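Undergrad: sequence first, then the predicted structure, then my questions.
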Amino acid sequence: MPGNKLSGPIPPQLFHLPFLQTLILDDNSLSGEVPAEEAGEIGNLTSLDSLFLSGNNFSDTMLVLVLCLKRLEYLDLSHNDLSMEIPTEIGNLLPNISTLALSNNRLTGGIPSSMQKLSKLGRLYLHNNLLPREIPSWLFDFKDLQILYLGENRLIWNNSVEIEPNPRPYNFSLKSCGLVEVVPKWISTQTGLDFLVLSKNKLQGVFPQWFLKMELKGLILSNNEFTGPFPLDLFSRLHDLRVLALSRNHFSGFSGEVPDAFPEKTRFLALGGNKFSGGLSFNLTKLSKLQHLELHNNNLTSDWVSQELQLSIEFRDLVVNWKDSKQGISTNKLNMYTLLDLSNNQLSNQIPTSLITLKALKLLNISSNKLSKKIPSSFGGLENIETLDLSHNNLSDSIPPTLTKLQQLIILDVSNDRLRGRIPDGGQMGTMVLDPNYFANNNGLCGTQIRLPCLEDDGFPLPPPPPPTLTHKPWCLWKGVWIEYLIGFLFTIGIAILIGYFTLPPPSNCR
């Protein structure tokens, strides 16, 4: 019964199903306060081996109650409101656990040593809590280890600890765990690593070459202090790489063009926030599974010239002219593209209308470049777009009315361009909450969104009223005006005296 908006405690009737093996109540609004008279009844679920309670509001009580379910193999209490210490006897009370997910809570108190007895443990999710103390090395001794996520706690890794080599495949995260200077050398002995997350630490130095000898499918090193050139042979060596995130470091390099030897299976590529320079003309044809591309905040250049969609008989590509060289984006699985971020670079010329082919695009950010000319009217066909950021360029003319077709649009930012004319107000453009700052600093935009009226006929703002002009009248005409004014004034005073509005003072007594 996941995602059914259930609220309150778990219905006590569910505790009287002794043959129930799997209970899924994820993503509801259930709370953890079980009445005292019903608390013991959860033990009636003697056959239960899988309990999924993620995404609710369960408190510490629930974590204590489930410890009586001896047959549990899968327990997921992630994304709840747990704030206690992990029970010290958990390793003795849940001997059959193979998957334990307690992430995204506020657990404290460290990782209890009794968990060493969980001989069947293969997946342990403890990330995003408040767990303190040193990371115990015995966590790497589980023979069935597949996933070990410890990041974003208050845990600290002891660099003097040596870990035994492990050829078995597993995923490992030490995100934000106080790692400093070089990547711990023992990680190179974990030759079976599939996915490695070391982001948000203070790792320094050049890219470790021993990464290239591993069979990584995912590598996340973002938000560190790495320097030096980008390893150009990374993509040719890591053939199965699906995820690569090196953003927000100090990597430099690219001699000439951005390399185009990306593995075909790459889904997530984040290289933003570094010091990369050179031309942006790599061939995206091989990235048929790409969902997320970040190259923002670098110094990439390109004369980005728009062309219409062209289909090659051989490759069936979307062809775009990048720096006078035709490059392709595979149309094999264009619905896979969900994010494209090229902001804060040196891209110039017109936006390619052929981007319309990326039908599943949800976020497009090409702000802070040198793009010019019109916003393509074909952007009205980006049917899944939610965020469209075209700000801080030199775009001109008007906002195309085709954008009213974008039913998923939440944010449209065209500030600091050279746009003019009426802001379209039909469809989603007329119903979504628009921040006037998203239209600021243009040449002459108008519309209800910024509370500036437009002329009905051509859609441009009303011109400012002309300054008053002074013309010289003939002297005789001005003289006549003054005479008429004086006669009218005296006549008005006379009438006021007659009706008693003014009272003349009595004459003074003269002696």
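TA: Nice, thanks for sending it over.

Undergrad: helix or strand with the lowest mean pLDDT in the chain?
TA: strand 317-322 (a mean of 30; mean pLDDT, DSSP states H and E).

Undergrad: quick one: low-confidence residue ranges for the protein.
TA: By pLDDT under 70, the low-scoring segments of the chain are 1-4, 32-39, 253-262, 278-289, 302-337, 354, 431-434, 456-511.

Undergrad: which residues touch the most centrally placed residue in the chain?
TA: In the chain, the C-alpha nearest the mean C-alpha coordinate belongs to L363, at 8.6 Å (CA atoms, centre = their mean). Residues in contact with L363 (CB atoms under 8 Å, 6 or more residues apart in numbering) are 338-341, 385-387. Using the backbone N, CA and C atoms, a C-beta is placed for each residue, glycine as well.

Undergrad: thought S47 was touching L23?
TA: No. If you go by CB atoms under 8 Å, S47 and L23 don't touch, sitting 10.6 Å apart.

Undergrad: which of those two has more neighbours?
TA: Between S47 and L23, counted using other CB atoms under 10 Å, L23 has the larger neighbour count: 16 against 13.

Undergrad: hmm, F52 and that one touching each other?
TA: Yes. Taking CB under 8 Å as the definition, L23 is a contact partner of F52 at 7.1 Å.

Undergrad: mind listing the helices for the stretch 151-300 of the chain?
TA: In the stretch 151-300 of the chain, the helices defined using DSSP state H, counting those that start in this stretch lie at 234-237.

Undergrad: mind listing the strands for it?
TA: Taking DSSP state E, counting those that start in this stretch to define them, one finds strands in the stretch 151-300 of the chain at 170-173, 180-181, 193-197, 202-205, 218-220, 225-229, 243-245, 250-252, 268-270, 277-279, 292-294, 299-305.

Undergrad: measure stretch 30-45 end to end?
TA: With CA to CA, to the nearest Å as the measure, the first residue of stretch 30-45 is 19 Å from its last.

Undergrad: that should have said stretch 17-25, apologies.
TA: Span of stretch 17-25 from end to end, CA to CA: 15 Å.

Undergrad: rewinding a little: for the strands of the stretch 151-300 of the chain, which one sits closest to I97?
TA: strand 170-173 (16.8 Å; CB to CB).

Undergrad: so what does that closest one touch, helix or strand wise?
TA: Secondary-structure packing of strand 170-173 (3 or more CB pairs under 8 Å, 6 or more residues apart in numbering; DSSP states H and E): strand 147-149, strand 193-197.

Undergrad: need the residues that contact that strand.
TA: With CB under 8 Å, 6+ apart, strand 170-173 has contacts from 127, 145-151, 190, 192-197, 218.

Undergrad: quick check: the farthest pair among those residues?
TA: Spatial extent of the contacts of strand 170-173 (CB to CB) is set by the pair H127 and G192 at 20.7 Å.

Undergrad: between the two, which is the more surrounded one?
TA: Taking neighbours as other CB under 10 Å, H127 and G192 compare with H127 leading, 24 against 13.

Undergrad: can I assume that one sits in a helix?
TA: No. Assignment of H127 by DSSP: H, G, I helix; E, B strand; the rest coil gives coil, placing it outside any helix.

Undergrad: what residues does it make contact with?
TA: Here H127 is in contact with 103-104, 149-153, 173, 175 (criterion: CB under 8 Å, 6+ apart).

Undergrad: T387 now?
TA: Each residue near T387 by CB under 8 Å, 6+ apart is listed here: 362-365, 410-411.

Undergrad: what bridges to the residue nearest to the centre of the chain?
TA: L339, T387 (DSSP bridges).

Undergrad: please apply the same query to L452.
TA: Bridge pairing for L452 - DSSP bridges - gives G447.

Undergrad: how close does it get to N416?
TA: For L452, the distance to N416 equals 17 Å [CB to CB, to the nearest Å].

Undergrad: for N442, same thing?
TA: 8 Å.

Undergrad: so which of the two has more stuff around it?
TA: Taking neighbours as other CB under 10 Å, N442 and N416 compare with N442 leading, 21 against 18.

Undergrad: now do the same contact list for the more buried one.
TA: Listed by CB under 8 Å, 6+ apart, the contact set of N442 reads 414-420.

Undergrad: could you turn the buried ones of these into a PyMOL selection?
TA: The PyMOL command for the buried members of the contacts of N442 (criterion: 16 or more other CB atoms under 10 Å) is given here:
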select buried, resi 414+415+416+417+419+420
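
Undergrad: as a markdown table, the contacts of N442 with secondary structure and distance to F276 would be great.
TA: Below are the contacts of N442 laid out as a markdown table (DSSP: H, G, I helix; E, B strand; the rest coil; distance: CB to CB, whole Å):
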| residue | secondary structure | distance to F276 |
| --- | --- | --- |
| V414 | coil | 27 |
| S415 | coil | 26 |
| N416 | coil | 24 |
| D417 | coil | 26 |
| R418 | strand | 28 |
| L419 | strand | 30 |
| R420 | strand | 35 |
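
Undergrad: sorry, back to before: and which of the contacts of T387 is nearest S29?
TA: Set against S29, the nearest of those by CB to CB is I410 (24.4 Å).

Undergrad: if I look at that closest one, how far off is L388?
TA: Taken as CB to CB, the span from I410 to L388 is 9 Å.
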